[in-house]
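1. Quick check, what structure comes out for this input:
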Amino acid sequence: MKDMQLLHQGKVYKGQVSYEGSDLMEVSCTEPSSFTGGESVICFDFQKRVQMRVLQVSKSKLILVPADSEIFNIEARPDAVLDDMYRDENLAFPSFKLNTYGTLIDDFRTMAVRFCRISRLGFGFEINDFSVKMNHVYDTMIMCDEETIHPKVVVRYAHIQEKTIRYGAEIYSISAKDLNKLRFYIVTQQLMAQ
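-> Down below sits the predicted model:
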């Protein structure tokens, strides 16, 4: 293991890197409970200095990702007008591939869907059903490994494909805890896909 120091809110913590990749760093450190998800951390040793952000905190270690990682642009935007972004075909945002299942819930109706992509614009999901309402807020349940998250989404577009219909939905609201679970799930799925 490589020794590393972490500068966080004016205090230096000692740590040991147990895994280091281009998209993720796992660090065992003293007092990991001093850190919270999303906070900025400077990691340094004698050879380099890197700006990172906390993705997940456990009892003995931190999972860190680069500070400019696109996953921190994924968030709820209930008041934002994203219609122009959806219509402007010249705008391209990085997206992450997902392959997980969940549900859309509207009043007393529950529809099973497959979530296939996520970006800063929101989720892409597939379903063989034309009854999904446009510009409508849905409660959702999305499986992230052994856990579930429950964001609210607004369906913004539909694209009919050969065997299914792909919808795009903005994240209308999501709890901070669920957002951290989602970000960690995205990063772990990208690592498994490599």
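
2. buried stuff in stretch 37-50?
-> Within stretch 37-50, the residues scored as buried using 16 or more other C-beta atoms under 10 Å are 37, 41, 43. All C-beta spots, glycine's among them, are computed from the backbone N, C-alpha and C.

3. for the protein, which spans come out with low pLDDT?
-> Along the chain, segments meeting pLDDT under 70 span 1, 78-91, 193-194.

4. mind redoing it with 50?
-> 82, 84-85 (pLDDT under 50).

5. Would you map the strands across it?
-> In the chain, the segments counted as strands under DSSP state E are 2-8, 11-20, 25-29, 40-44, 49-57, 61-66, 95-106, 109-119, 122-127, 137-144, 147-149, 152-160, 165-173.

6. Dump the ones you listed to JSON lines, plus distance to L191.
-> Below are the strands of the chain laid out as JSON lines (distance: least, C-beta to C-beta, whole Å):
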{"stretch": "strand 2-8", "distance to L191": "19"}
{"stretch": "strand 11-20", "distance to L191": "10"}
{"stretch": "strand 25-29", "distance to L191": "11"}
{"stretch": "strand 40-44", "distance to L191": "19"}
{"stretch": "strand 49-57", "distance to L191": "12"}
{"stretch": "strand 61-66", "distance to L191": "11"}
{"stretch": "strand 95-106", "distance to L191": "11"}
{"stretch": "strand 109-119", "distance to L191": "15"}
{"stretch": "strand 122-127", "distance to L191": "20"}
{"stretch": "strand 137-144", "distance to L191": "14"}
{"stretch": "strand 147-149", "distance to L191": "18"}
{"stretch": "strand 152-160", "distance to L191": "25"}
{"stretch": "strand 165-173", "distance to L191": "23"}
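
7. Quick check: which of these is nearest to N180?
-> strand 49-57 (6.8 Å; C-beta to C-beta).

8. Partner strands of that closest one, with direction?
-> Applying DSSP bridges, strand 49-57 is found paired with strand 40-44 (antiparallel), strand 61-66 (antiparallel).

9. got a list of what the residue lying closest to K11 once chain neighbours are set aside touches?
-> Spatial nearest neighbour of K11, chain neighbours left out: S34 (7.6 Å); criterion: C-beta to C-beta, 6 or more residues apart in numbering. The contact partners of S34, taken as C-beta atoms under 8 Å, 6 or more residues apart in numbering, are 8, 11, 13.
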